[in-house]
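Colleague: Need a 3D model of the following:
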Amino acid sequence: MLSKNQIAMLIIVGSSLTSACVFAETDSPTSIAPGYAVPRTVDQMLSIDAQRALMNEQRLLLEEQRKGGFGRLSSTPENRIEPAEVKPKEAPKPSEIPVQIDLLGIFGIGSVLQADVEINGNRYRYKRGYELPVGVGNDFRYRLVSINTPCISLSDTNGTPRKICLSRTSL
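Modeller: Numbering: from 1, shown residues only. This next block holds a predicted model:
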């Protein structure tokens, strides 16, 4: 069902389309671009279509007003529609949000190791010796502590350690 604002917008758009089509109606074809012309019949069809849409929306608005729905104007308190109070939901604290962390792979040669990690569906690449993944800012929640094959250690901004290891299928 359309809201009061949406119906009002449709009525305004419909009426402006209707008036634009009426003003555009001339004896000669209307020019869209150099070399192209719109026949008068197309303008008439657009005008008829806009008028029908406007009449249909006006009819729907009147029906809703009769039922006591949106758009009803009333000065009596018993007929006035008051919006329901909406209480904003509290956002969960970062520590309460469930986090899915998977180690996708560890690769490199010697002590130059990198680890691909998936955190809540987003992939990040950590490099040994750097706390943050490649390409993220300082506000990123998870910091690399160590890479020791087949596991890595991360800590979040609260200092909570997490050890993530490769699964048997990854080995």
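Colleague: Which helix or strand lies directly C-terminal to the longest helix along the chain?
Modeller: Ranked by residue count and defined by DSSP state H, the top helix of the chain is helix 40-67. Counting by DSSP states H and E, the element after helix 40-67 in chain order, helix or strand, is strand 101-109.
Colleague: Just the CA trace of that next one, in CSV.
Modeller: The C-alpha trace of strand 101-109 is given here as CSV (Å, rounded to 0.1, in the frame of the first residue of the first chain):
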residue,chain,number,x,y,z
ILE,A,101,36.6,-15.8,11.4
ASP,A,102,38.1,-18.5,9.0
LEU,A,103,41.7,-18.9,8.1
LEU,A,104,41.7,-19.6,4.3
GLY,A,105,45.4,-20.1,3.9
ILE,A,106,49.0,-19.4,5.0
PHE,A,107,51.6,-18.9,2.3
GLY,A,108,55.1,-17.5,1.7
ILE,A,109,58.8,-18.6,1.9
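Colleague: Return the distance of I12 relative to E64.
Modeller: 17 Å (CB to CB, to the nearest Å). To be clear about C-beta, it is placed using only N, CA and C from the backbone, and glycine gets the same treatment.
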